[in-house]
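Asker: Got a predicted structure here, sequence first:
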Amino acid sequence: MALRRTGTISNSASPQISPRRAANASTQPQPLSGSGTAMAAPFDPAAGPDMPLTRLLHYWFEEVWCKGNLDAVAEVMTHDTLISGAVSALAEPECDYGEVVAALRNLLGPITVTFTHAMETRDWVSVRLLADTSNPRDGAPFQITGQVMARVKDGRIAELHSNMDYFRMFEMLGQLPPEALAICMTGERLK
Amino acid sequence: MTSLRSHLQGISITITHAVEQDDWLAARISFQSACAATGKPVSTTGHVMIRFEDGKMAESFNQFDYISLFEQLGQMPQDTVAACLTGQGLMWR
């Protein structure tokens, strides 16, 4: 992997990405844009650097996932927003996005999201995040990690690709056995 | 990882999206392989965020959709995430 001292973004797969599952790109990335890049680790939404795309993504997490404010979905996304991710993608076409958000929030205690790392270019933002929450049955706190890459167009999220550690989340909620990921790596099966 | 590789054959990785800034790289990855037992193609996605120092990885944060992968390998039920969102739990067979 070549290193560059200036920020760039490449994207080879957007037209091929399934709204429900993984991208299946077959070509190498092509440069799209390279100006106006910024990096923050961690990102402080109150006093951070001028990173408008990161701020938009943080607003989306804060309002939709932390506060359950579903009106913010229409503020930040459009009907054409392309979504990939194990939970987010369940919203299309099977059910309404609000139902997915409500189902997840119903499993968890209060949620707070921190962007530990954030990078943005003119159109794209990429973040690593920590979600602090708890098991509402016993109040036990836990933390999961995630990474999100989003393209912003006209002030709204046009594409959102996410990977969250749902293995750990469902394990901490008691819905998967302890050490489920490590044990699945050995070939064991769950039912 | 060695254990997981023994259940797969012909792993290929494609970087579908990449952002670079100074010493940091953020990339979205498409993972293609096949089940070693059945030959059935499997795929999943992941994200990595890596800091380079002197041309080597100094920090790396990885996130892969293992639930999707294990669903395709027959080790987890189809639609595991949707089922777990309803509160359902899984147990070892």
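Answerer: That came through, no problem.
Asker: just checking, A:A74 is part of a strand?
Answerer: No - assigned with DSSP: H, G, I helix; E, B strand; the rest coil, A:A74 falls outside any strand and is helix.
Asker: which stretches of chain A have low pLDDT?
Answerer: Counting by pLDDT under 70, chain A has low-confidence residues at A:1-36, A:48, A:88-89, A:91-95.
Asker: longest helix of it?
Answerer: helix A:97-107 (DSSP state H).
Asker: name the helices or strands packed onto that helix?
Answerer: The contact analysis (3 or more Cβ pairs under 8 Å, 6 or more residues apart in numbering or on different chains; DSSP states H and E) places helix A:97-107 against helix A:71-76, helix B:80-85. Backbone N, C-alpha and C define where each C-beta goes, glycine included.
Asker: those strands in chain B, which residues are they?
Answerer: Applying DSSP state E to chain B gives strands spanning B:8-21, B:24-35, B:41-53, B:56-64.
Asker: And the helices and strands packed on helix A:97-107: which comes nearest A:F115?
Answerer: Closest of the helices and strands packed on helix A:97-107 to A:F115 is helix A:71-76, at 15.7 Å (criterion: Cβ to Cβ).
Asker: Packing partners of the closest one?
Answerer: helix A:52-60, helix A:97-107, strand A:156-164.
Asker: Export those as TSV, with columns for distance to A:T133 and mean neighbour count.
Answerer: TSV is the format used below for those (distance: least, Cβ to Cβ, whole Å; neighbours: other Cβ atoms under 10 Å in any protein chain shown):
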stretch	distance to A:T133	mean neighbour count
helix A:52-60	17	20
helix A:97-107	9	17
strand A:156-164	12	22
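Asker: Of the helices and strands packed on helix A:97-107, which stretch is the most buried?
Answerer: Of those, the one with the most neighbours on average (mean count of other Cβ atoms under 10 Å in any protein chain shown) is helix B:80-85, at a mean of 21.
Asker: can you give me the offset of it from its chain's centre?
Answerer: Taking Cα atoms, centre = their mean, to the nearest Å, one finds the center of helix B:80-85 at 18 Å from the center of the full chain.
Asker: hmm, back to that, highest mean neighbour count out of the strands of chain B?
Answerer: strand B:24-35 (a mean of 22).
Asker: That one pairs with which strands?
Answerer: Paired strands of strand B:24-35, with direction, are strand B:8-21 (antiparallel), strand B:41-53 (antiparallel) (DSSP bridges).
Asker: which phi and psi does A:A182 have?
Answerer: Phi and psi for A:A182, reported as degrees, to the nearest 10, are phi -60, psi -40.
Asker: same question, A:E120
Answerer: The phi and psi torsions at A:E120 (degrees, to the nearest 10) take the values phi -140, psi 150.
Asker: Which one of the helices and strands packed on helix A:71-76 lies nearest to B:R28?
Answerer: Of all the helices and strands packed on helix A:71-76, strand A:156-164 comes closest under Cβ to Cβ, at 5.5 Å.
Asker: So which residues make contact with that closest one?
Answerer: For strand A:156-164, the external contacting residues (Cβ atoms under 8 Å, 6 or more residues apart in numbering or on different chains) are A:14, A:17, A:23, A:56-57, A:60, A:75-78, A:80-88, A:131, A:144-152, B:17, B:28, B:45-47, B:63-65.
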